[in-house]
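> Predicted model and sequence below, questions to follow.
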Amino acid sequence: MTATLTPDPKVLQIGIIGMGDMGRMYARRLSAAGWKINACDRPEQFEKLKEDYASNSLVNIVENGHYVSRQSDYIIYSVEAENIDSIVAMYGPSTKVGAIVGGQTSCKAPEIAAFEKHLPADVQIVSCHSLHGPNVDTRGQPLVLIQHRASDDALDLVRTVLTCFNSQFVYLTASQHDKITADTQAATHAAFLSMGVAWHANSQFPWEVPRYVGGIENVKINISLRIYSNKWHVYAGLAIMNPAAQAQILQYAKSVTELFTLMVEHKALEFRDRVYAAKKAVFGGLPASHELLLSDDLLDKFSLSNVPPQERTPNSHLSLLAMVDCWWKLGIVPYDHMICSTPLFRIWLGVTEYLFQSPGLLDECINVALENDTFRADDLEFTVAARSWSEIITFGSFKLYRYRFETTQNYFSPRFADATKLGNEMIKTIFEKTKQRRLH
Ligand SMILES: NC(=O)C1=CN([C@@H]2O[C@H](COP(=O)(O)OP(=O)(O)OC[C@H]3O[C@@H](n4cnc5c(N)ncnc54)[C@H](OP(=O)(O)O)[C@@H]3O)[C@@H](O)[C@H]2O)C=CC1
Ligand SMILES: O=C(O)C(=O)Cc1ccc(O)cc1
């Protein structure tokens with residue numbers, strides 16, 4: 001029997017292997033749109049998953065990926081990137097004849113390699129990637145589709161199924177996807193991961209420290225906590241398994257170190273020239289009519305702190321200066337990637353733009369970096385943390401990545417609920433503000 005590639009909810013069955021955060025989000029939205037789902041997680045989760053979905057007659061929980069694969073027409077692997085090869089090796093050969101298979105992992109080279117290696121030749125491959133976390137409203141967010149080994153009809157079917165997300169489809173090859181997502185995600189995550197480790201190393205909860213008050217600080221704190229409230233393997237997978245990402249994280253650490261060295265050596269001219277050269281390369285091409293993505297008011301709204309924003313302490317913002325330096329050194333113009341950007345990337349770009357393009361703010365920050373010791377100890381820990389993340393990722397150690405991530409995660413965990421709530425609001429507001437810029 002061949003698969004029924006008819007995009008009819010009465011006939012077509014969708015498979016989800018891996019019912020973690022993203023798999024559950026897909027199951028919830030697809031079943032709400034009327035699609036029939038066959039889903040599984042690890043066999044030991046079978047009973048619990050069955051209970052969780054007892055009230056949803058459109059979600060059929062099965063024991064393992066063989067049962068998903070043999071009866072579904074379009075199957076999505078939503079599992080840890082690190083394990084994609086072994087999981088596809090296990091269930092791929094059971095795929096229904098003529099079905100379509102895709103994956104949700106954040107780095108496509110290993111996923112596609114696993115599909116090519118283990119799926120029968122009659123199976124078509126159309127992969128996907130929702131460029132946002134599981135708790136973000138899918139409407140208008142980029143959703144990458146990769147027609148890798150598939151007819152136009154197969155792509156059409158996937159598109160029809162996923163239309164209910166109301167996301168913005170972006171059509172890429174696997175290698176374009178990996179290059180662009182490395183450009184948007186790798187160094188962005190490295191910056192926030194390093195902030196968390198640095199605050200922890202200095203035994204700080206930054207929202208309790210008066211010098212961490214004000215718009216930009218709010219974003220740093222909220223996003224860093226948002227990342228640490230997620231699962232370690234999401235960030236480990238996309239950093240370690242994407243070779244383009246490794247090079248960028250290395251450059252980020254190099255930019256942080258070199259700028260910090262110039263700061264402590266008080267090499268004012270060299271430091272200023274370098275920061276301005278980076279500014280010209282990254283923001284120089286913006287039209288005169290370009291409006292800032294973010295504003296003071298907007299950023300001040302999202303604070304975890306009780307200290308009023310007027311008491312803001314000027315910061316050296318090493319993490320942001322290094323970000324722009326890194327983009328410059330790598331020849332990345334971040335605005336070129338808006339169509340394929342994640343919420344965190346858009347916010348991070350908004351904040352860097354705010355710092356570099358608000359009159360007077362960049363000079364204030366350069367002066368603080370060169371002459372003021374208030375943030376020196378924080379910047380030192382930040383430099384050490386950036387270098388350490390880069391080493392872990394270059395070395396490809398999932399084990400060490402997990403250890404470093406979870407140690408910091410435990411430290412900040414009491415504030416995750418508040419940070420997630422604020423972070424969601426922040427993403428929503430900034431999303432509305434940046435909509436036009438993203439789609440053109
Ligand atoms: N979270 C995010 O923001 C985003 C994540 N992604 C990507 O989507 C994928 C899923 O991420 P996410 O849902 O967050 O991660 P989760 O860890 O929440 O989900 C993965 C699930 O797959 C399960 N699993 C592992 N092995 C098997 C198996 N043999 N059979 C069935 N299920 C299995 C895991 O079980 P166990 O935990 O026991 O290992 C887990 O429940 C990842 O590749 C991630 O990179 C993409 C976009 C956004
Ligand atoms: O927005 C971000 O960068 C996130 O942290 C959420 C995320 C994580 C992994 C992905 O593959 C896509 C989005």
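That came through, no problem. Ligands and ions are numbered 1, 2, ... in the order given.
> pLDDT averaged over stretch 24-44, what's the number?
For stretch 24-44, mean pLDDT is 98.
> what comes up buried for that stretch?
Within stretch 24-44, the residues scored as buried using 16 or more other C-beta atoms under 10 Å are 24-27, 30-31, 35-41. C-beta coordinates here come from the backbone N, C-alpha and C atoms, glycine included.
> Find me the pLDDT at the residue of the stretch 301-440 of the chain found nearest ligand 1, would you?
Here the stretch 301-440 of the chain gets closest to ligand 1 at one residue, Thr342, 8.1 Å apart by C-beta to the nearest ligand atom. Predicted confidence (pLDDT) for Thr342: 90.
> how close does it get to Met90?
Between Thr342 and Met90 the distance is 30 Å, computed by C-beta to C-beta, to the nearest Å.
> Pull the number of nearby residues for the closest residue to ligand 2 within the stretch 101-250 of the chain.
At 3.1 Å from ligand 2, Ser106 is the closest residue in the stretch 101-250 of the chain, using C-beta to the nearest ligand atom. Using other C-beta atoms under 10 Å, Ser106 has 25 other residues around it.
> Equivalent analysis for Leu400, please.
Leu400: 15 surrounding residues under other C-beta under 10 Å.
> Grab the nearest non-local neighbour of the residue in the stretch 201-350 of the chain that ligand 2 sits nearest to.
Closest to ligand 2 within the stretch 201-350 of the chain is Thr342: 3.1 Å, counting by C-beta to the nearest ligand atom. Spatial nearest neighbour of Thr342, chain neighbours left out: Leu131 (4.8 Å); criterion: C-beta to C-beta, 6 or more residues apart in numbering.
> mind checking how far the one you found is from Gln104?
Shown here: Leu131 relative to Gln104, a distance of 11 Å by C-beta to C-beta.
> Could you pull up phi and psi at the residue of the stretch 301-440 of the chain closest to ligand 1?
For Thr342, the backbone dihedrals (degrees, to the nearest 10) come out as phi -90, psi 160.
> what does Val126 give?
With angles defined as degrees, to the nearest 10, Val126 sits at phi -130, psi 110.
> Tell me the predicted confidence for it.
Per-residue pLDDT puts Val126 at 98.
> surely it meets Ser151?
No: counting by C-beta atoms under 8 Å, Val126 stays clear of Ser151, with 9.5 Å between them.
> who's more crowded, the two?
Taking other C-beta under 10 Å, Val126 and Ser151 do not tie; Val126 has more neighbours (24 against 13).
> Report the contact partners of the more buried one.
Shown in contact with Val126 (C-beta atoms under 8 Å, 6 or more residues apart in numbering): Ile100, Val101, Gly102, Leu145, Ile146, Gln147, His148, Ala150, Ala154, Leu155, Val158.
> Take these and lay them out in CSV including neighbour count and secondary structure.
Converted to CSV, the contacts of Val126 look like this (neighbours: other C-beta atoms under 10 Å; DSSP: H, G, I helix; E, B strand; the rest coil):
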residue, neighbour count, secondary structure
Ile100, 29, strand
Val101, 29, strand
Gly102, 25, strand
Leu145, 20, strand
Ile146, 26, strand
Gln147, 20, strand
His148, 19, strand
Ala150, 20, coil
Ala154, 21, helix
Leu155, 19, helix
Val158, 24, helix
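> which SSE is the closest residue to the residue of the stretch 101-250 of the chain closest to ligand 2 other than its chain neighbours in?
The shortest distance from Ser106 to any non-neighbouring residue, by C-beta to C-beta, 6+ apart, is to Leu238 (3.9 Å). Here Leu238, judged by DSSP states H and E, is contained in helix 232-240.
> what helices or strands is that helix leaning on?
helix 187-201, helix 243-264, helix 398-412 (3 or more C-beta pairs under 8 Å, 6 or more residues apart in numbering; DSSP states H and E).
> Mind listing what's buried along the second one?
Residues of helix 243-264 classed as buried under the neighbour-count rule (16+ other C-beta under 10 Å) are 244-246, 248-260, 262-263.
> So it, near ligand 2 or not?
No: judged by C-beta under 6 Å from any ligand atom, helix 243-264 stays clear of ligand 2, getting no closer than 11.2 Å.
> tilt between that helix and helix 187-201?
Angle of helix 243-264 versus helix 187-201, following axes from the mean of the first three to the mean of the last three C-alpha atoms, to 10 degrees, is 50 degrees.
> The last one now?
Compare the direction of helix 398-412 with that of helix 187-201 by the same axes, to 10 degrees and you get 60 degrees.
> And the contacts of helix 398-412?
The contact list for helix 398-412 (C-beta under 8 Å, 6+ apart) reads 82, 193, 196-197, 200, 205, 225, 228-229, 232-233, 235-236, 239-240, 388-389, 392-393.
> contacting residues around Cys128?
Contacts of Cys128 (C-beta under 8 Å, 6+ apart): Ile76, Gly102, Gly103, Gln104, Leu143, Val144, Leu145, Ile146, Val158, Leu162.
> which parts of the one helix or strand it maps to are buried?
Assigned by DSSP H and E, Cys128 belongs to strand 124-130. Of all the residues in strand 124-130, those buried under the rule 16+ other C-beta under 10 Å are Gln124, Ile125, Val126, Ser127, Cys128, His129, Ser130.
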